[in-house]
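A.B. asks: how would this look folded up:
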Amino acid sequence: MKVRAYTKPRDRTPEDLVTAWQIYHKRVENSKEYKGRIYYSTHSNPDDVKEMIHYKGRGRKINPFFQYKNSDDRESGEGESITHQFVKGIISEIKVLNFVVGDEKITIIVDNAFVEYRFKTEDGDFIVDIFVEFNECYPQKYFDKWLGILAIEIHYGHKVDKEKREALRKHGIPIIEVKVLKKYDLTDFYVNEYKLNKRIGELKSMYENKIFGKLISDPESDYYKVQEQNKYLKNKFSELKNLAQDKLNEQHDENQRLMKECNELKVEIAELKLELRKINHELSDVKKENSKLIEGKLVNRLKDIIFRKPKNQ
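C.D. replies: I've put the predicted structure just below:
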């Protein structure tokens, strides 16, 4: 059974969307006017929209719902739970989606949202619960990565199957899967409209605050890949530039050290030359002194020889 429907098959606005409970009250107030009216499924693609009939309930129990008019459609398209349908509707109407994916926060500013949107891929046709278009998000990288589109799948009882996930990923469609815990089940609330609306209001406030999700398809656009490649090359260039600068600084420091050592050696050489001159000067004085001593000794020796008296005289 379906709990939401449109009153028009085409050119629909949010005001054309009604719940089974709303139509129930209108039929109670004016049964003739609403008797036999046709309603339309919430599919976004015009070719998928199906005619629906409103029922007040089964038997005497008040439990309003919509059902596909065509019996073949009933067999193929009425497997969604009440909780799944309402959560899908709540999230599709939120204009600022505050996702928490792992440790990261992703905020999407929604421009357009489509419920039960069909994608035609190489691997077949697949309908997603919600498809949104956006021009602004934080972090900005997700706009560049996904090019302003995102599919949202509601996980209540059944995960997105691998075939659908992989087909949409190959098709360039990112998917965030939102798991609905059992404690948020709306089945028991549905028979009491007051309690149902109160519970829906609580869920809406919760999802408007934050939506915990799992990123199950994260394709990268060509634009994003080029950006990332440019970023990598810029970082690599910066690393090489810094490395070259470090080498230049090291070479400069080494040159400065060698120049300092060279200057110190020059000073030492100059001091040694000065010391050598001093030593040479002292040596010269010693040589002169030695020469004088030698000359004196020779003179005295000659005097002894010349003036020495013969032994026989």
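A.B. asks: Which residues in the strand ranked longest in the chain does the neighbour count mark as buried?
C.D. replies: Across the chain, the longest stretch assigned as strand under DSSP state E is strand 104-121. The neighbour-count check on strand 104-121 (16 or more other Cβ atoms under 10 Å) flags 106, 108, 110, 113-117, 119, 121 as buried. For glycine as for every other residue, the C-beta is placed from the backbone atoms N, C-alpha and C.
A.B. asks: those strands in this structure, which residues are they?
C.D. replies: Counting by DSSP E, the strands of the chain are 4-6, 17-19, 38-40, 51-55, 65-68, 96-101, 104-121, 124-138, 149-155, 175-179, 211-217.
A.B. asks: which helices and strands sit right next to the longest strand of the chain?
C.D. replies: helix 82-92, strand 96-101, strand 124-138, strand 149-155, helix 162-170 (3 or more Cβ pairs under 8 Å, 6 or more residues apart in numbering; DSSP states H and E).
A.B. asks: Generate a markdown table for the strands of the chain, with distance to Leu203 as supplementary columns.
C.D. replies: Shown next, in a markdown table, are the strands of the chain (distance: least, Cβ to Cβ, whole Å):
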| stretch | distance to Leu203 |
| --- | --- |
| strand 4-6 | 14 |
| strand 17-19 | 14 |
| strand 38-40 | 24 |
| strand 51-55 | 24 |
| strand 65-68 | 19 |
| strand 96-101 | 15 |
| strand 104-121 | 16 |
| strand 124-138 | 15 |
| strand 149-155 | 12 |
| strand 175-179 | 12 |
| strand 211-217 | 11 |
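A.B. asks: need those strands in TSV with mean pLDDT, can you?
C.D. replies: Putting these into TSV (pLDDT from 0 to 100) gives the following:
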stretch	mean pLDDT
strand 4-6	94
strand 17-19	94
strand 38-40	96
strand 51-55	94
strand 65-68	92
strand 96-101	98
strand 104-121	95
strand 124-138	96
strand 149-155	97
strand 175-179	97
strand 211-217	97
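A.B. asks: just so I know, which of the ones you listed lies nearest Gln85?
C.D. replies: The closest of the strands of the chain to Gln85 is strand 4-6. By Cβ to Cβ, the value is 6.2 Å.
A.B. asks: Which other helices and strands does the closest one contact?
C.D. replies: The contact analysis (3+ Cβ pairs under 8 Å, 6+ apart) places strand 4-6 against strand 17-19, helix 20-29, strand 38-40, helix 82-92.
A.B. asks: ranking the ones you listed by burial, who's on top?
C.D. replies: helix 82-92 (a mean of 22; mean count of other Cβ atoms under 10 Å).
A.B. asks: Any idea which of the helices and strands packed on strand 104-121 gets closest to Leu298?
C.D. replies: strand 124-138 (110.6 Å).
A.B. asks: and the angle from the closest one to strand 149-155?
C.D. replies: 110 degrees (axes from the mean of the first three to the mean of the last three Cα atoms, to 10 degrees).
A.B. asks: Strand 124-138 packs against which elements?
C.D. replies: helix 82-92, strand 104-121, helix 141-146, strand 149-155, helix 162-170.
A.B. asks: Got the confidence number for Pro46?
C.D. replies: The model reports Pro46 with a pLDDT of 91.
A.B. asks: got a list of what it touches?
C.D. replies: 9-10 (Cβ atoms under 8 Å, 6 or more residues apart in numbering).
A.B. asks: State the distance from it to Asn135.
C.D. replies: Using Cβ to Cβ, to the nearest Å, one obtains 25 Å as the distance from Pro46 to Asn135.
A.B. asks: Including distance to Asp253, could the helices and strands packed on strand 124-138 go into a markdown table?
C.D. replies: Converted to a markdown table, the helices and strands packed on strand 124-138 look like this (distance: least, Cβ to Cβ, whole Å):
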| stretch | distance to Asp253 |
| --- | --- |
| helix 82-92 | 61 |
| strand 104-121 | 43 |
| helix 141-146 | 40 |
| strand 149-155 | 54 |
| helix 162-170 | 53 |
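A.B. asks: out of those, nearest to His54?
C.D. replies: Per Cβ to Cβ, nearest to His54 of those: helix 82-92, 15.0 Å.
A.B. asks: tell me what the closest one is packed against?
C.D. replies: Using 3+ Cβ pairs under 8 Å, 6+ apart: helix 82-92 touches strand 4-6, strand 104-121, strand 124-138, strand 149-155, helix 193-209.
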